[in-house]
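Trainee: take this sequence and fold it.
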Amino acid sequence: MKITKLIAAPGRTGFFFDDQKAIKAGAEPDGANIIGEPLTAGFSSVRQPGESISILLLLEDGQIAWGDCAAVQYSGAGGRDPLFLAADFIPIVNEFIAPKLIGRDISEFRPIATEIEKWRLNDRPLHTALRYGLSQALLDAVSKSHHELMCETVAREYGTSISEKTIPIFSQSGDDRYDNADKMILKSADVLPHALINNLEAKLGRKGEKLVEYLQWVRDRILTIRLDPAYQPVLHIDVYGTIGEAFGIGNYDAICDYLAQLEQICSPFHLRIEGPIDAGSREGQIEHLSRLTRALDEREIGVELVADEWCNTLEDVIAFTEARAGHMLQIKTPDLGSIHNTIEAVLYCKQHKMGAYQGGTCNETDRSAQVCVHAAMATQPAQILAKPGMGVDEGYMIVFNEMQRIIHFRQLRN
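Mentor: As a prediction, the model looks like this:
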């Protein structure tokens, strides 16, 4: 099957681009806006609308395959690629990418996905968002050429088995951490609530007291309003390095004491803490997070640490896994570029007994979320993020429904 035409269409994402550095420095919420001076290169304001580019591939038999280029909410932070604006990158799609693909045969996904990772423009790789969306479109095109589901293409080329049940879904609340937690509990989300603890003074508390209060509320709320007495979600909180700010990045004993306190508060629910520290570099993050992980394990504290910042690429995933820097890694799909890197990252983590969280960002689209579901169903990570957006209902619906379509279609066909 050959590609006969490529079309690039600008789009919106399910959330915003936010300047993480400015937020950590004290930029103030003002309704849905955030007030302050932007501190990260490329930002014209602390919060600005998320943008995407849809890549549509017209195939020679008339079918259309597509994927969405999207970048994370906190673009330009933690070693990530800079802000992704459609007007800046559509010319690159039309002038550089399209000529390389029109007329190409796309009978296999893995070789062409690997190839686009190696493309260079001005001696630099293509922006991760471009590689992400382009690989989604190519995966769709290959699956259409074989008259199969995208997850079946992945399973066939990587020698995996497709899950016959849903992957645990992780919902994130954004700043509306109370009402949105209620939505998650009522919908029986498997993992919740994220809670966006991204500021020391306002959200964690100088001694961690505000997170203590919130987790007490979440535990009690689950026990109070859950519709099924057997409902037992995992509690997963992203703290964006603020625990390290509060207690000192290298003060492992104090951090462990605090995490042990949180574990007791959350009982009978299991607790995961994402991004407990931010050491400011990949090397520093691996060193400190691996030491903190060992310290927790030695004290038999059951809290799982989840790596996020500075774990951006497939190479980073391998390095964090080898160093045991965390109990689980967030495989943040847009940061890894081509979706085949997400596939390989999940498989690598599972092979090496590291928890694989196929994540992403609230700043994606419905299409990128659907394609990610197919990757997850074929690789079976420990959990998958409900995305895009911060409203809970929409992202959870998109991810849950796509899984159900896959499961029931394959049951009926087989």
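
Trainee: mind giving me the packing neighbours of the strand or helix carrying Phe400?
Mentor: For Phe400, the element it lies in under DSSP states H and E is helix 393-413. Here helix 393-413 touches strand 169-170, helix 366-379, strand 383-385, going by 3 or more Cβ pairs under 8 Å, 6 or more residues apart in numbering; DSSP states H and E. In short, each C-beta sits where N, CA and C put it, glycine included.

Trainee: kindly state the pLDDT recorded for Gly78?
Mentor: Looking at Gly78, its pLDDT reads 68.

Trainee: of all the helices and strands packed on helix 393-413, which lies closest to Gln136?
Mentor: Nearest to Gln136, of all the helices and strands packed on helix 393-413, is helix 366-379, at 4.3 Å by Cβ to Cβ.

Trainee: tell me which other helices or strands that closest one touches.
Mentor: Counting contacts by 3+ Cβ pairs under 8 Å, 6+ apart, helix 366-379 packs against strand 64-69, helix 128-145, helix 150-158, helix 339-351, strand 355-358, strand 383-385, helix 393-413.

Trainee: of these, which is nearest Phe15?
Mentor: helix 393-413 (9.6 Å).

Trainee: state the mean pLDDT of the closest one.
Mentor: Here the average pLDDT along helix 393-413 is 96.

Trainee: could you tell me the angle between that helix and helix 150-158?
Mentor: Here helix 393-413 runs at an angle of 70 degrees relative to helix 150-158 (axes from the mean of the first three to the mean of the last three Cα atoms, to 10 degrees).

Trainee: on that earlier part again, of the helices and strands packed on helix 393-413, which approaches Ala22 most closely?
Mentor: Taking Cβ to Cβ, strand 383-385 is the member of the helices and strands packed on helix 393-413 nearest to Ala22, at 24.2 Å.

Trainee: and that closest one, which strands flank it?
Mentor: strand 169-170 (parallel), strand 355-358 (parallel) (DSSP bridges).

Trainee: can I get those strands in TSV with distance to Ser54, mean pLDDT and mean neighbour count?
Mentor: Formatted as TSV, the strands paired with strand 383-385 follow (distance: least, Cβ to Cβ, whole Å; pLDDT from 0 to 100; neighbours: other Cβ atoms under 10 Å):
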stretch	distance to Ser54	mean pLDDT	mean neighbour count
strand 169-170	25	98	26
strand 355-358	22	98	26
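
Trainee: now the ones you listed in TSV, with distance to Thr321?
Mentor: Formatted as TSV, the strands paired with strand 383-385 follow (distance: least, Cβ to Cβ, whole Å):
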stretch	distance to Thr321
strand 169-170	20
strand 355-358	9
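
Trainee: right, and these - which one's nearest Ala71?
Mentor: Short answer: strand 355-358, nearest of the strands paired with strand 383-385 by Cβ to Cβ, at 17.1 Å.

Trainee: which residues touch that closest one?
Mentor: Residues from elsewhere that reach strand 355-358 (Cβ atoms under 8 Å, 6 or more residues apart in numbering): 167, 170, 304, 306, 326-331, 333, 342, 345-346, 349-350, 372, 375-376, 379, 381-385.

Trainee: distance of Glu394 relative to His340?
Mentor: 27 Å (Cβ to Cβ, to the nearest Å).

Trainee: how about Ser45?
Mentor: 35 Å.

Trainee: measure the most centrally placed residue in the chain to His270 for me?
Mentor: Nearest to the mean C-alpha position of the chain, by Cα atoms, centre = their mean, lies Gly360 at 1.7 Å. Distance from Gly360 to His270, counting by Cβ to Cβ: 22 Å.

Trainee: also Gly208?
Mentor: Separation of Gly208 from His270 (Cβ to Cβ) stands at 19 Å.

Trainee: which one's more surrounded, the two?
Mentor: Per other Cβ atoms under 10 Å, whichever of Gly208 and His270 has more neighbours is Gly208, with 22 against 16.

Trainee: can I assume the more buried one is in contact with Glu245?
Mentor: No - taking contacts as Cβ atoms under 8 Å, Gly208 lies outside contact range of Glu245: 10.3 Å.

Trainee: show the model's pLDDT score for the nearest residue to Phe84 once chain neighbours are set aside.
Mentor: What sits nearest to Phe84 in space, not counting adjacent residues and going by Cβ to Cβ, 6 or more residues apart in numbering, is Ala71, at 3.8 Å. Confidence at Ala71, expressed as pLDDT, is 95.
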